[in-house]
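Visitor: Provide a 3D model corresponding to the input given below.
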Amino acid sequence: MKALWQRWRAGREARALERRAIPEPLWQLTLARLPFLAQRPADDLIVLRRLASLFLDSKEFSGAGGLEVDDAMALCIAAQACLPVLRFGLEPYASFVGIVVHPDEVVARRQIQDDDGIVHHFDEVLTGEAMAGGPVMLSWKDVADAGESADWGYNVVIHEFAHVLDMGDGAADGVPPLPTAAEREAWIAVIDPAYERFCRRVDAGRDTLLDPYGATGVEEFFAVAAEAFFVTPKALRAEQPGLYRLLARYFQQDPAAYTAA
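Guide: Residues are numbered from 1 along each chain as shown. Purely as a prediction, here's the structure:
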């Protein structure tokens, strides 16, 4: 029975790869736009291209505000989204289908209730948002600028898909699903002190590689750390060596080992 299931799954993936085969010129254009991908070893790029095809076959892209999402835009998003799951496969992304792309940042109306029960309304400017069960929302302007914004450790696609990974166990708490309770405890033992040190540094007005937005919660700290891990790995390793090692074990990748300075 297991062998039959494996053959069926392999056949389904083969058909998906054929349907969503990525033309070579389009793939090369994507790598040119995203130098942090182009620097990857050839074997990684083969896997990434395969995952991007499967991702494109399983997700539904829609444009908002009159934006039309073409093949180049969809591939640009897919390639970045697949980078964190390069060693996992796409199973962690199975909980959602929709990806909504806005031309630029959007303003969302929010409300919070304080300790006294008073509800406060405010506007929040978003360049991306990942919701449990989907969809994932992205600002195309920020996606399109990913090649340049990598220089300061910013990547909206990786940020939002790090949230998807984090929410894989039902909670956005900066701790993605891990195989054992011991590994979860070991993760917390590293990320919580790193987050507290980061918050103190932000509160003191000191410069940080990571986006200060990461100080708003440990779940945001994980997401901004994931951005830097993939697009400025050497800088993250220098500033946060313990955090870098934690992410390298989790993602099963060591991008600082082959990324140009």
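Visitor: how far does stretch 88-104 sit from its chain's centre?
Guide: Between the centre of stretch 88-104 and the centre of its chain there are 10 Å (Cα atoms, centre = their mean, to the nearest Å).
Visitor: what's the span of it from first residue to last?
Guide: 31 Å (Cα to Cα, to the nearest Å).
Visitor: need the helix or strand of this protein with the lowest average pLDDT.
Guide: None of the helices or strands of the chain scores lower by mean pLDDT, DSSP states H and E than strand 119-126, at a mean of 59.
Visitor: immediately after it, which helix or strand?
Guide: strand 128-130 (DSSP states H and E).
Visitor: within its sheet, name the partner strands of that following strand and how each one runs.
Guide: strand 136-139 (antiparallel) (DSSP bridges).
Visitor: name the residues that touch the strand it pairs with?
Guide: Under the criterion Cβ atoms under 8 Å, 6 or more residues apart in numbering, residues 77, 96, 98-106, 126-131, 156-157, 160-161, 164 lie in contact with strand 136-139. Glycine gets a C-beta too; all of them are placed from N, C-alpha and C.
Visitor: and what of stretch 228-243?
Guide: Against stretch 228-243 from outside (Cβ under 8 Å, 6+ apart): 36, 83-84, 146, 150-155, 158, 190-191, 194, 208-210, 225, 244, 247-248, 251, 254-256, 259, 261.
Visitor: mind giving me the PyMOL select for those, buried ones only?
Guide: A single PyMOL command is used to select the members of these judged buried by 16 or more other Cβ atoms under 10 Å:
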select buried, resi 36+83+84+146+150+153+154+155+158+190+191+194+208+209+210+225+244+247+248+251+254+255+256+259
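Visitor: quick check: the residue minimising distance to the centre of the chain vs Pro255, distance?
Guide: The centroid of the chain falls nearest to Ile158 when counting by Cα atoms, centre = their mean (2.3 Å). Applying Cβ to Cβ, to the nearest Å, the value for Ile158 to Pro255 is 11 Å.
Visitor: just Asp104 next, same as before
Guide: With Cβ to Cβ as the criterion, Asp104 and Pro255 are 29 Å apart.
Visitor: do the same with Ser58
Guide: 25 Å.
Visitor: how about Phe222?
Guide: Applying Cβ to Cβ to Phe222 and Pro255 gives a distance of 17 Å.
Visitor: all helices of the stretch 151-261 of the chain, in order?
Guide: 156-166, 181-203, 218-231, 233-239, 241-251 (DSSP state H, counting those that start in this stretch).
Visitor: what angle do the first one and helix 241-251 make?
Guide: This means helix 156-166. Counting by axes from the mean of the first three to the mean of the last three Cα atoms, to 10 degrees, helix 156-166 lies at 70 degrees to helix 241-251.
Visitor: quick revisit: just the buried subset of the contacts of strand 136-139, please.
Guide: For the contacts of strand 136-139, buried by 16+ other Cβ under 10 Å: 77, 96, 99-102, 106, 126-130, 156-157, 160-161, 164.
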